[in-house]
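[1] pasted the sequence and its predicted model underneath.
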Amino acid sequence: MSILFKNAQIIDPTADDVTTRDLMVRDGKIVDPSGKAETVIECSGKYLAPGIVDIGVKVCEPGERHKESYKTAGAAAAAGGVTTI
């Protein structure tokens, strides 16, 4: 499977840079975006970044387990692009 993200604002933390360009993923790997893709997603005005790490998360404060669990916190984090809590 291949997905082309067109005109995305690419966040590159290693270069401390944000650029507008195309990015293609084929079989889970980033490849040259010049080929043909099965799926094209227009990303104008949207950001594309590697998974975000949130080092300040606090889950299940003592006595507050009825409000949140690791499962619900993980699902909420994943929905927002956070890959590590």
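    Perfect, I can see it now.
[2] can we go C-alpha only for contacts and neighbour counts from here?
    Will do.
[3] return the residues in contact with the closest residue to Glu68 other than its chain neighbours.
    Of all residues not flanking Glu68 in the chain, Cys60 sits nearest, at 6.0 Å (Cα to Cα, 6 or more residues apart in numbering). The neighbours of Cys60, taking Cα atoms under 8 Å, 6 or more residues apart in numbering as the test, are Lys67, Glu68, Ser69, Tyr70.
[4] what's the burial count for the third one?
    Spelled out, it's Ser69. The tally of other residues near Ser69 (other Cα atoms under 10 Å) stands at 14.
[5] got a pLDDT number for it?
    Note for Ser69: predicted pLDDT of 82.
[6] verify the contact between it and Val59 for me.
    Yes - with contact defined as Cα atoms under 8 Å, Ser69 reaches Val59; the gap is 6.7 Å.
[7] who's in contact with the residue lying closest to Thr39 once chain neighbours are set aside?
    Leaving out its chain neighbours, the residue that sits closest to Thr39 by Cα to Cα, 6+ apart is Ile3, at 4.7 Å. Applying Cα under 8 Å, 6+ apart to Ile3 gives the contacts Met24, Val25, Arg26, Ala37, Glu38, Thr39, Val40, Ile41.
[8] what about those, which one has the most neighbours?
    Going by other Cα under 10 Å, Met24 tops these with 21 neighbours.
[9] for Gly74, give its distance to Cys60.
    As for Gly74, its distance to Cys60 is 12 Å (criterion: Cα to Cα, to the nearest Å).
[10] ditto for Ile3
    37 Å.
[11] next one: Pro13
    From Pro13 to Cys60 the distance is 31 Å (Cα to Cα).
[12] check which residues of stretch 75-85 are buried.
    By neighbour count on 16 or more other Cα atoms under 10 Å, the buried set for stretch 75-85 is Ala77, Val82, Ile85.
[13] inside helices: which ones of those residues?
    Applying DSSP state H to the buried residues of stretch 75-85, the entries found in helices are Ala77.
[14] wouldn't Pro33 be in contact with Leu23 here?
    Yes - between Pro33 and Leu23 there is a contact at 5.5 Å, judged by Cα under 8 Å.
[15] any shared contact partners between those two?
    Joint contacts of Pro33 and Leu23 (Cα under 8 Å, 6+ apart) are Leu4.
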